[in-house]
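the sequence and its predicted three-dimensional model are supplied below.
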Amino acid sequence: MKTKNTIWQELLDIRQHLHEFPELSWQEFETTRFIEETLKTWGLELKHFENIDTGGYCDLGSGPVIAFRSDIDALPVQENSEHRVLSQYPGVMHACGHDYHTSIGLGLLKYFSENRAQLKGTLRLIFQPAEEAAPGGAEKVILEKIWDEVKYVLTTHVDPTVPPGKILMRKGAVQASSTSISIEITGRGGHTSRPFLTDDLIPISSQYIVQLTAFIKQITNVQETLALAFGSVHGGSRHNIIPEKIHLRGTLRTLNNEILEQTLNSIRKFSKDFARLYGIHINLLFPTNCPATINDPLLYDEFRHFMKMAGLEANLLTHEKPSMGADDFAFFSQKVPGLYLSAGGKGSGVLHSGDLVLDDKLLQPTVEILAGFISFLSQSDSFRN
């Protein structure tokens, strides 16, 4: 499927504008207005969410729905000032390629608005805010009344390690879960000269960390991938005062949502037993809990079949290993069958850094491949039945 040169140039302009004017999670008001105004020039309408102030969705076509997620927020990152296209907002940058993701979503709408006969159903383009937040925007979007007729949901994420035109895909888990852990350990404090009259929480907290990580490792199947690590330990203010409270913060990541739930329950039980053993109190919270992103096997097979039929097998690569990073697209793919793809855009730098530069050449082949697959999927028996 070939897009018109006019679409290509317009998408380049859109991408540049989005990159120059990035907005942080939950603050994407101008980005939302820009998307809405762009759609109006194409005769399309951005529908606003009922309970979210930014982002929205656009429907094109009629009948059952294939949804596509484009995330629209930026990161609190200072961009390298030598870049050709540069953020105009100090300390804010599209350092994860969401300017490209938004442009790809708009490109799909532009393409099908000019080729409506190729879409045998409805394309619902979801412009999602706050993918970079925790909790993220997807947790609010799944509560919107837009899912009843959705049969499949798709997304793509730029990959700076492979050339433009290449699509990477993986069967099963493609992104890890990410659960933040907040633990408050409280007990008797006092003078360091008399630790026997206190609960001496600092060594107790150290034992908690060591014993919990060893326990979780022991009870987890060695064939499963699981990472539990603590990144913050706070407690006490003076060298001669034993504190009454220690606050620990960490992260749990897995590639299996069943293992995730089992592990969370094990942490709860361990903490309860540990507190009883030492005669202290442990308040355990999981402030954010994003599941692993699991690709639907039917959609995985359908995409491979499409790429083969389109003569694009050489453009399809396989992720050797899933990423231990997380994406809240996982909430969408728990709601309906989902497919998470990666689009090559090799440039320089890495994701979430101020040095990231992607190749603008990624836009055209990515839109063409995705438009072709959406058209193919909309005519498939699995979608029509």
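Thanks, I have the structure now.

what segments of the stretch 51-200 of the chain are strands?
Secondary structure of the stretch 51-200 of the chain by DSSP state E, counting those that start in this stretch: the strands cover 56-61, 65-71, 122-128, 150-159, 167-169, 172-175, 178-186, 190-191.

start to end distance for stretch 21-29?
11 Å (C-alpha to C-alpha, to the nearest Å).

list the buried residues in it.
21-28 (16 or more other C-beta atoms under 10 Å). For the C-beta atoms, the positions are set from N, CA and C on the backbone; glycine is no exception.

what lies in contact with it?
With contact meaning C-beta atoms under 8 Å, 6 or more residues apart in numbering, stretch 21-29 is reached by 30-31, 34, 53-55, 72-76, 87-89, 92-94, 99, 129-133, 136-137.

so where's the protein shaky on pLDDT?
1-5 (pLDDT under 70).

nearest the geometric middle of it, what residue?
Note on the chain: the residue nearest the mean C-alpha position is residue 327, at 1.9 Å, using C-alpha atoms, centre = their mean.

tell me where the chain has helices.
5-20, 29-41, 98-114, 138-141, 201-219, 257-278, 297-309, 329-335, 363-378, 381-384 (DSSP state H).

highest mean neighbour count out of the ones you listed?
Ranked by mean neighbour count under mean count of other C-beta atoms under 10 Å, the helices of the chain are led by helix 98-114, which reaches a mean of 24.

summarise which helices and strands it is packed against.
helix 5-20, helix 29-41, strand 56-61, strand 65-71, strand 122-128, strand 150-159, helix 363-378 (3 or more C-beta pairs under 8 Å, 6 or more residues apart in numbering; DSSP states H and E).

per the record, what domains does this structure have?
5-175+292-384, 178-289 (automatic domain parsing).

mind checking how far the last one is from the chain centre?
Its chain's average C-alpha position is 27 Å from that of domain 178-289, according to C-alpha atoms, centre = their mean, to the nearest Å.

and for stretch 145-154?
18 Å.

and that stretch, end to end?
With C-alpha to C-alpha as the measure, stretch 145-154 spans 18 Å from end to end.

reformat the helices of the chain into CSV and put distance to residue 353 next to each item.
Converted to CSV, the helices of the chain look like this (distance: least, C-beta to C-beta, whole Å):
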stretch, distance to residue 353
helix 5-20, 15
helix 29-41, 21
helix 98-114, 14
helix 138-141, 24
helix 201-219, 29
helix 257-278, 28
helix 297-309, 30
helix 329-335, 22
helix 363-378, 21
helix 381-384, 39
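
and those: which comes nearest residue 157?
For residue 157, the closest of the helices of the chain is helix 98-114, at 7.0 Å, according to C-beta to C-beta.

now for the closest residue to residue 300 other than its chain neighbours: which residues touch it?
Of all residues not flanking residue 300 in the chain, residue 171 sits nearest, at 5.3 Å (C-beta to C-beta, 6 or more residues apart in numbering). Counting by C-beta under 8 Å, 6+ apart, residue 171 makes contact with 295, 297, 300.

rewinding a little: ok, of the contacts of stretch 21-29, which come out buried?
Counted by 16+ other C-beta under 10 Å, the contacts of stretch 21-29 give 31, 34, 54-55, 72-75, 87, 92-94, 99, 129-133, 136-137 as buried.

on that earlier part again, can I get the helices and strands packed on helix 98-114 in JSON lines including distance to residue 288?
Output for those, formatted as JSON lines (distance: least, C-beta to C-beta, whole Å):
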{"stretch": "helix 5-20", "distance to residue 288": "26"}
{"stretch": "helix 29-41", "distance to residue 288": "23"}
{"stretch": "strand 56-61", "distance to residue 288": "24"}
{"stretch": "strand 65-71", "distance to residue 288": "17"}
{"stretch": "strand 122-128", "distance to residue 288": "16"}
{"stretch": "strand 150-159", "distance to residue 288": "20"}
{"stretch": "helix 363-378", "distance to residue 288": "29"}
